[in-house]
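A.B. asks: Here's my sequence, what's the structure:
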Amino acid sequence: MENHPLNIPELLAPAGNLEKLKTAVHYGADAVYLGGSRYGLRARAGNFSDAELGEAIAYAHGRGVKVYVTVNIFAHDRDLAGLGEYLRLLRSCGADGIIVADPGVLATARRVVPDLPIHLSTQANVTNHASARFWEAQGVRRLNLARELSLTEIRAIRKTVAAEIELFVHGALCISYSGRCLLSLYLTGRDANQGDCAHPCRYRYAVTEEKRPGQYFPVEEDDHGTYVFNAKDLCLLHRLPDLIAAGADSIKIEGRMKSVYYVGAITRLYRAALDFLAANACRGPLPPEFAAELNKIGSRGQTENFLDGSPGPREMLYQGANVRQEFAPVGIVRETGASPLIEARAPLRPGDAIEYLAQGVTNRPCRIVALHDQEGMELIQANPNQRVRLVLDATFTCSENGLFRKRLPPSV
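C.D. replies: A predicted model of the protein is given here:
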């Protein structure tokens, strides 16, 4: 099991709804993961009804993209009713695998749909080779390792199992252990382990003293502020050569609840990075334009988390819940042509400077000369969700589901 030749891993992107799935596919995902209406850990993502699952899987398969469905809640007895029926539905829809964390759900899946590949969720907290071998013996085909592992530990696990290894490389980090958190349940009644997290780790906190009600005292940490649980976002873009050398079979982007712009822009960036490494025998570093593009996509800052050892205070974001976003999406291409039809996501006016996100890390800057509605009437402004045709001062090819964006003013 020790010889794992260098290979380009699968790029696995989040698909919180059908629009995000189409965007991830357009920008180069090899596979997407999504949740149905039951048994997943993102209850407030768009998710897919039973009928929509079939449509989503057919769309992805028609473009050579795999679909994995989350069935990763920590189930109580009440949750098991109907589980077998649901698993059979996923198989009949053509799901390429299911993502599970609970041993009872896993056992049910092996009994009811033994031919459906099982991927182990990061929620199962695989942090050592003995645990990895245990889950492999239970029939798990792929292991999504805990995010609390160093590169050395990932290498050690890779050497001991034949199962595929999947690693999170980008997205939000929970302050709890691989996402197992009770803070949301205690504070809001919304159970993160049943898919309904209220994200209290992003809240601002203060201290009160019981004899002085109404008086709030700031919680200070290194004099920076009060966001004491607010971890920066994971970003392993520049460590992809290390992960490939360590034997990763799949790299995973977090974000089923993020915007369609985030899904498209991050998938595009990692696709371009993998393609660059494939063309250069997996040798880095990535050219400077990759870092420039990364900085155009909103985040809470960036950390490599545990990859080189335990993170410290600099891996937390104290100034607020998010880092300022410099760019915002303004439209999704619905029809191509000399005057592309877009669905606006922000107000647009003639004269606005925008850019199109082409494949790779190539951006096509342009300026709006005119806007027309679908009947051909000229507009002085397009509003969010309105479909409009763009007359641009530059000529380039757009693709359906491609994205336009613009720089936000300094005051935003």
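A.B. asks: Quick check: longest helix in the chain by residues?
C.D. replies: For the chain, the longest helix by residue count, based on DSSP state H, is helix 260-279.
A.B. asks: now that one, how far from the centre of its chain.
C.D. replies: Here helix 260-279 is found 12 Å from its chain centre; the criterion is Cα atoms, centre = their mean, to the nearest Å.
A.B. asks: following that helix, which helix or strand shows up next?
C.D. replies: Downstream of helix 260-279, the first helix or strand assigned by DSSP states H and E is helix 288-294.
A.B. asks: State the mean pLDDT of that following helix.
C.D. replies: Averaged across helix 288-294, the pLDDT comes to 94.
A.B. asks: That helix: which residues count as buried?
C.D. replies: Buried residues in helix 288-294, defined by neighbour count with 16 or more other Cβ atoms under 10 Å: 290, 293-294. For every residue, glycine as well, the C-beta is placed using N, CA and C.
A.B. asks: which outside residues touch it?
C.D. replies: Residues outside helix 288-294 that contact it (Cβ atoms under 8 Å, 6 or more residues apart in numbering) are 235, 237-238, 265, 269, 272-273, 276, 302, 361, 363.
A.B. asks: would you turn these into a markdown table with neighbour count and distance to P103?
C.D. replies: As requested, the contacts of helix 288-294 are arranged in a markdown table below (neighbours: other Cβ atoms under 10 Å; distance: Cβ to Cβ, whole Å):
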| residue | neighbour count | distance to P103 |
| --- | --- | --- |
| C235 | 19 | 32 |
| L237 | 20 | 34 |
| H238 | 16 | 36 |
| A265 | 23 | 37 |
| L269 | 24 | 36 |
| A272 | 21 | 39 |
| A273 | 25 | 36 |
| F276 | 19 | 40 |
| Q302 | 18 | 35 |
| V361 | 20 | 42 |
| N363 | 15 | 47 |
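A.B. asks: Which single one of the residues you listed is nearest to G214?
C.D. replies: Q302 (38.4 Å; Cβ to Cβ).
A.B. asks: Which strand residues bridge E166?
C.D. replies: Beta bridges link E166 to N144, S250, judged by DSSP bridges.
A.B. asks: rewinding a little: of the contacts of helix 288-294, closest to K159?
C.D. replies: Among these, H238 lies closest to K159 (Cβ to Cβ), at 24.3 Å.
A.B. asks: The closest one belongs to a strand, doesn't it?
C.D. replies: No: with DSSP: H, G, I helix; E, B strand; the rest coil as the criterion, H238 is assigned helix and is not in a strand.
A.B. asks: Tell me the spacing between it and L307.
C.D. replies: Here H238 is placed at a distance of 11 Å from L307 (Cβ to Cβ, to the nearest Å).
A.B. asks: repeat for S150
C.D. replies: The value you get for S150 to L307, if Cβ to Cβ is used, is 6 Å.
A.B. asks: Have a look at these two and say which one is more surrounded.
C.D. replies: Legend: neighbour count by other Cβ atoms under 10 Å for S150 and L307, higher for L307 (21 against 14).
A.B. asks: In contact with the more buried one, which residues?
C.D. replies: For L307, the contact set (Cβ under 8 Å, 6+ apart) comprises 150-151, 236, 239, 242.
A.B. asks: try it again with 6 Å
C.D. replies: Counting by Cβ atoms under 6 Å, 6 or more residues apart in numbering, L307 makes contact with L151.
A.B. asks: For I253, the count of nearby residues, please.
C.D. replies: Counted with other Cβ under 10 Å, the neighbours of I253 add up to 25.
A.B. asks: my read: it touches A13, true?
C.D. replies: Yes: under the criterion of Cβ atoms under 6 Å, I253 makes contact with A13 at 5.2 Å.
A.B. asks: Chain neighbours aside, what residue packs nearest to G264?
C.D. replies: Nearest residue to G264, sequence neighbours excluded (Cβ to Cβ, 6 or more residues apart in numbering): T23, at 4.2 Å.
A.B. asks: what does G82 give?
C.D. replies: Nearest residue to G82, sequence neighbours excluded (Cβ to Cβ, 6+ apart): R38, at 7.4 Å.
A.B. asks: same deal with I297?
C.D. replies: Nearest residue to I297 in three dimensions, chain neighbours excluded: A265, at 4.8 Å (Cβ to Cβ, 6+ apart).
A.B. asks: Correct me if wrong: the one you found contacts G298.
C.D. replies: No: A265 lies out of contact with G298 (Cβ under 6 Å); the separation is 9.1 Å.
A.B. asks: what about the residue of the chain most remote from its centre, which SS state?
C.D. replies: Distance from the C-alpha centroid of the chain peaks at K211, with 44.7 Å (Cα atoms, centre = their mean). Under three-state DSSP, the three-state class of K211 is coil.
A.B. asks: what's the pLDDT at it?
C.D. replies: 77.
A.B. asks: distance of it from C282?
C.D. replies: On the measure of Cβ to Cβ, K211 and C282 end up 62 Å apart.
A.B. asks: for L21, same thing?
C.D. replies: Here the criterion is Cβ to Cβ. By it, L21 lies 28 Å from C282.
A.B. asks: L11 now?
C.D. replies: Relative to C282, L11 is positioned 15 Å away (Cβ to Cβ).
A.B. asks: okay, these two: which has more neighbours?
C.D. replies: Between L11 and C282, counted using other Cβ under 10 Å, the more crowded position is L11 (24 against 18).
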